[in-house]
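Visitor: Here is a sequence with its predicted model. Questions after.
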Amino acid sequence: MPALYALKEVGFRYGLEWVLKGINLTIERGEILGIIGPNGSGKTSLLKILARQQRPVEGDVRFESTSLSAISFRGLAQRVGMVPQEHPVVFPYTVLEVVLMGRYPYLKGWAFESAEDHRIARASMERMGVERFSDRMFSELSGGEKQRVIIARALAQQPQILLLDEPATFLDLHHQSQIYSLLGELNRDEKMTIVVVSHDLNMASQLCRRLLLLKEGRIARLGTPWEVLTEKGIEEVYHCRTLIDSHPTTGKPRLTMVPD
Ligand code: ADP
């Protein structure tokens, strides 16, 4: 079976400067891949390439051995859900309407959403604990509430692959732990493939089977959390000292900052 994604020598730039260069990466079905790296190292750009929101300037991206650019947006949206870092909703939509947008890839022509679409949207809202906001205006929610609604919208797409850009940024500790548990659950119980950009190296370490560490648009390291999260590796990329030991309950690497 071909890899889910296969990227070969992918390079990308917005202007003159390369933001990604020489990216070779395969993503297998059913894995949880974490993309980490300092600010500006190209994490979001890479995720946007996987979501087909940006096209690589050079190199090749295959999705199940078909060129990603040859797959229709609608076809891809039935398979791939994206939770972006920013979610500007400029029009006055209610939470339910925003979550129902996740059903658009399945609507035929200009048809309205069916009872089944509403059922799926409600179930997604329940899963994210936002059903009580259903009739509220999306624009009036807090950052963390908006984030959970956007994740509910992605779940309503019923994707096999979920791409998330810093999904826990606006969330308090309880909701952070809820979202990471949910990602683990979706992967374990529904075999969903998950690619998550995260600043939280400890969370990424606990959740992800593989980590990709970017440095200035290039892959600095790619491997298991123990292979990627080394004191030397982190110092080279982040220019700061850390202490890395084994998490007492999970046995995965745990990072502690060491002040200079
Ligand atoms: P990260 O997610 O690791 O912070 P990004 O992929 O967002 O990195 O950004 C990589 C580089 O591309 C940064 O230098 C950033 O300033 C630049 N960049 C990001 N988005 C744009 C854009 N829309 N136009 C021009 N430059 C951009």
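Guide: Received the coordinates, thanks.

Visitor: Please name the residues that touch the residue in the stretch 51-200 of the chain that the ligand sits nearest to.
Guide: Here the stretch 51-200 of the chain gets closest to the ligand at one residue, V197, 6.5 Å apart by Cβ to the nearest ligand atom. Any C-beta I mention is one placed from the backbone N, CA and C, and that applies to glycine too. By Cβ atoms under 8 Å, 6 or more residues apart in numbering, V197 lies in contact with G34, I35, I36, K43, T44, L47, Q85, L164, D165, E166.

Visitor: near the ligand too, which of those residues?
Guide: Among those, the residues lying close to the ligand (Cβ under 6 Å from any ligand atom) are K43, T44.

Visitor: By pLDDT, give me the weakest of the contacts of V197.
Guide: Model confidence across the contacts of V197 bottoms out at Q85, which has 88.

Visitor: Burial check on the closest residue to that residue other than its chain neighbours, number of neighbours?
Guide: Closest residue to Q85 apart from its sequence neighbours, by Cβ to Cβ, 6 or more residues apart in numbering: D165 at 4.1 Å. Neighbourhood size, D165 [other Cβ atoms under 10 Å]: 21.

Visitor: repeat for R218
Guide: Neighbour tally, R218, other Cβ under 10 Å: 16.

Visitor: Distance from stretch 215-229 to the middle of the chain?
Guide: 17 Å (Cα atoms, centre = their mean, to the nearest Å).

Visitor: any bit of it sitting next to the ligand?
Guide: No: Stretch 215-229 does not reach the ligand (Cβ under 6 Å from any ligand atom); its nearest approach is 7.1 Å.

Visitor: Give me the buried positions along that stretch.
Guide: Across stretch 215-229, burial judged by 16 or more other Cβ atoms under 10 Å covers K215, G217, R218, I219, A220, R221, L222, P225, V228, L229.

Visitor: same thing with stretch 245-253?
Guide: K252, P253.

Visitor: then that stretch to CSV, C-alphas only?
Guide: Below are the C-alpha coordinates for stretch 245-253, written out as CSV (Å, rounded to 0.1, in the frame of the first residue of the first chain):
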residue,chain,number,x,y,z
ASP,A,245,14.6,12.6,31.5
SER,A,246,12.0,9.9,31.4
HIS,A,247,8.4,10.8,32.3
PRO,A,248,7.5,8.9,35.5
THR,A,249,4.2,7.5,34.2
THR,A,250,4.6,7.3,30.4
GLY,A,251,8.3,6.6,30.0
LYS,A,252,8.5,9.1,27.2
PRO,A,253,11.1,11.9,27.2
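
Visitor: what's in contact with that stretch?
Guide: So stretch 245-253 is in contact with S205, Q206, P225, W226, L229, I244, R254, T256, going by Cβ under 8 Å, 6+ apart.

Visitor: so how far is G217 from H175?
Guide: Here H175 is placed at a distance of 31 Å from G217 (Cβ to Cβ, to the nearest Å).

Visitor: repeat for L255
Guide: Distance from L255 to G217, by Cβ to Cβ: 23 Å.

Visitor: and if you look at H199?
Guide: Distance from H199 to G217, by Cβ to Cβ: 17 Å.

Visitor: now swap in P259 and tell me
Guide: 29 Å.

Visitor: Near the ligand, which residues of the protein? Just list them.
Guide: Checking the chain against the ligand by Cβ under 6 Å from any ligand atom, the hits are Y14, G15, V19, G37, N39, G40, S41, G42, K43, T44, S45.

Visitor: Out of the residues you listed, which comes closest to K191?
Guide: K43 (24.6 Å; Cβ to Cβ).

Visitor: Leaving out chain neighbours, which residue sits closest to the closest one?
Guide: Per Cβ to Cβ, 6+ apart, closest to K43 is V197, 4.5 Å.

Visitor: same question, H175
Guide: Using Cβ to Cβ, 6+ apart, the closest residue to H175 is G144 (5.9 Å).

Visitor: So which elements touch the helix or strand where that neighbour lies?
Guide: Here G144, judged by DSSP states H and E, is contained in helix 143-156. Under the contact criterion of 3 or more Cβ pairs under 8 Å, 6 or more residues apart in numbering; DSSP states H and E, helix 143-156 touches strand 80-83, helix 95-100, helix 115-127, strand 161-165, helix 173-190.
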